[in-house]
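Enquirer: I'll drop the sequence and a predicted model, then ask my questions.
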Amino acid sequence: MKHTTSFALVLLASACGGSSGGLPAADDGGIATRGGNDGPVVASGCDHVTALCAKLHECAPFLLEALYGDVNGCADRLTKVCTEQAGSNGSGMTQTAILACEAALKTATCDDVFGNNIPGCSFRGTLADGSACGDSSQCQGGFCNTGGSLCGTCASKKGSGEACASGSNDECQIALVCSSGKLCATPAVVGGPCDDNTQPCLSGSFCTSAKTCALTVKPDQIQTEKCPGAYINFADGTFCTGKDAQPGQIVTATKGEPCGLAPSTGQPALCAPGSVAACASTGITILGVPTQGVCTELKDDDFACTASSDCQAGAQCIAETCQIPSGKYCQ
């Protein structure tokens, strides 16, 4: 079964989060703050996360619910992540850049989002290639190559046909996506030729056995349409097990309830909030999703952890504590 849904919106969300200490002073072009008895307080600066969460709700409503619960949960979480990232040394997340991203999100189409084609939200920092970094917004080249570790080095985004070892669209130039074969590629259009390894389809479509992009079945068509092939669409929660099968809908579950692709209830379910990470597997996994499991509660920031999968979205297990990754750890 093909994993048709791009996680571009999640990656876009993570591109709005990941780093460090105090926020830059307003006269440096950074996020404005105001002082007081309780120390600096953010006056403005991460308002673009509202537009980001609204776009996620528009383009991938099931994914938003599974990851964050609702739009408010999304905005709350991504504001914390953004605030950390904006404080990283050399961060390009200045007030001007954030306002440009907010405006770009409001006019972007879902194809723009899934196709990594929103130049206004590609933050560029001041650190040269090869510099130590904790998130991509610090880098002149637009990408922090961590290799799955907490810290990495700044690098330039890759062009068409070049390897994107991270598996993230963030590693590719604008309008290119990272395929399942980990190559930067121009996404295929509906009806056009495709290959999951070299030229994937955008979310909302999938690469059929005939190697052409076909539309997935929409939620309101489940009762009237037959499956065009096998896929899982995490954007809207629809799935098909094969051509001409009856389409299905993944549901959400809460703490203590069964979850997975084939839970005891019989209906596929992901945890909300927490998605796949909060589904503690009691069986095998397919495409990284448990077939059976039970929803657990992810750890909040500053709580003890043993793995990053224990932590809320945007956080990692750093020194056995859930923390939002930050450039401050990598200086």
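Expert: Cool, got the structure.
Enquirer: For the spatially closest residue to Thr79 that is not a sequence neighbour, the count of nearby residues, please.
Expert: Sequence neighbours aside, Cys46 is the residue nearest to Thr79 in space, at 4.8 Å (criterion: C-beta to C-beta, 6 or more residues apart in numbering). Backbone N, C-alpha and C define where each C-beta goes, glycine included. Other residues within reach of Cys46 by the criterion other C-beta atoms under 10 Å amount to 24.
Enquirer: Next: the one 10 residues further on.
Expert: Residues contacting Leu56 under the criterion other C-beta under 10 Å number 26.
Enquirer: swap in the one 10 residues further on?
Expert: By other C-beta under 10 Å, 27 other residues sit near Ala66.
Enquirer: what do you get for Ser264?
Expert: Residues within reach of Ser264, counting by other C-beta under 10 Å, total 12.
Enquirer: My reading is that it lies in a strand. Confirm?
Expert: No - remark: Ser264 does not belong to a strand; assigned using DSSP: H, G, I helix; E, B strand; the rest coil, it is coil.
Enquirer: Check it and give its pLDDT.
Expert: Among the per-residue scores, Ser264 shows a pLDDT of 88.
Enquirer: hang on, it packs against Glu257?
Expert: No - Ser264 is beyond contact range of Glu257, at 10.0 Å (criterion: C-beta atoms under 8 Å).
Enquirer: which SS class is the residue nearest to Thr79?
Expert: Using three-state DSSP, the structure places Cys46 in coil.
Enquirer: Do a quick rundown of the helices in the stretch 51-200 of the chain.
Expert: Counting by DSSP state H, counting those that start in this stretch, the stretch 51-200 of the chain has these helices, from start to end: 61-68, 71-86, 95-107, 110-114.
Enquirer: who wins for proximity to Gly134 among those?
Expert: helix 71-86 (8.5 Å; C-beta to C-beta).
Enquirer: Does anything pack onto that closest one? Which helices or strands?
Expert: Helix 71-86 sits against helix 8-14, helix 48-59, helix 61-68, with contacts defined as 3 or more C-beta pairs under 8 Å, 6 or more residues apart in numbering; DSSP states H and E.
Enquirer: Would you mark the buried spots in that helix?
Expert: 71, 73-75, 77-86 (16 or more other C-beta atoms under 10 Å).
Enquirer: Closest one of those residues to Phe234?
Expert: Nearest to Phe234 among the buried residues of helix 71-86: Cys74, at 15.3 Å, using C-beta to C-beta.
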